[in-house]
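Undergrad: Pasted the sequence and its predicted model underneath.
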Amino acid sequence: KIMAATCCVCSEPCNLHDADYLKCARCALIVHQGCYGQLEDDNTGGQWHCLRCKPYSVQRFQKGVCRFCPEKAGLVKPLGDGTVEKQTLWAHVICTLVLDQLRFHDAKTRSAVDDSAVDQDLVGQAKCSICHQTDGLSVPCADQGCTKQFHVTCAQKRCLLSSRGGSGGKGRLKVLCEKHHQTHKQQQQQQQ
């Protein structure tokens, strides 16, 4: 029997009998190696720990919350340039893959998130159509003219994330509200 768990970034299954996934020895978070990024040299030795659970990060981790959504669980990476001194604020990997204002400093390792393009005046302003909170940043439905806004992780829980497609959108995702997500799925099925 093949045992599977869901990757906390892409929400796709991880075959627990293959070596293509990582499981945190402390919090049991599961992620594909490709979704996590290349492993750092200091995170080996048989047991892997996510950045949240690494011994040196526990005291600096501010309540375990992503700067851009209210979700406390999930895979996070530090904001800043990746130096230990600046790792006090965090972003989910999935938030980084959706929010256009966020980029990884190093796309290969996904070691730190550059949030310098974020308009700080927008943080905490728009209400999420799912959780009705204003924490972090809400992203609009990708369908032009739609006024619904979502936290990335709220949209992820409702399976409302889609690939942007095209060569320019490689690895980036978009959010579609329930109505437009159904329309998008139907269009994809018709094209197959």
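TA: That came in fine, so what should we check first? Numbers count the residues shown, from 1 in each chain.
Undergrad: Just the endpoints, please. Distance across stretch 142-156?
TA: Taking C-alpha to C-alpha, to the nearest Å as the measure, stretch 142-156 stretches 14 Å from start to finish.
Undergrad: Residues contacting that stretch, please?
TA: Under the contact criterion C-beta atoms under 8 Å, 6 or more residues apart in numbering, stretch 142-156 has outside partners 11, 66, 68-71, 74, 92, 94-95, 98-99, 126-131, 133, 135-141, 160-162, 174-177, 179-180, 183. Heads up, the C-betas are built off the backbone N, CA and C, glycines and all.
Undergrad: Just the buried residues of that stretch, please?
TA: For stretch 142-156, the neighbour count (16 or more other C-beta atoms under 10 Å) marks A142, D143, K148, Q149, F150, H151, V152, T153, C154, A155, Q156 as buried.
Undergrad: can you map out the strands along the chain?
TA: For the chain, the strands defined by DSSP state E occupy 4-6, 13-15, 21-23, 30-32, 76-78, 90-92, 103-104, 113-114, 139-140, 149-150, 161-163, 173-175.
Undergrad: now for the fifth one, which elements pack on it?
TA: So the one you mean is strand 76-78. Here strand 76-78 touches strand 90-92, helix 93-98, going by 3 or more C-beta pairs under 8 Å, 6 or more residues apart in numbering; DSSP states H and E.
Undergrad: now do 10 Å
TA: Counting by 3 or more C-beta pairs under 10 Å, 6 or more residues apart in numbering; DSSP states H and E, the packing neighbours recorded for strand 76-78 are strand 90-92, helix 93-98, strand 113-114.
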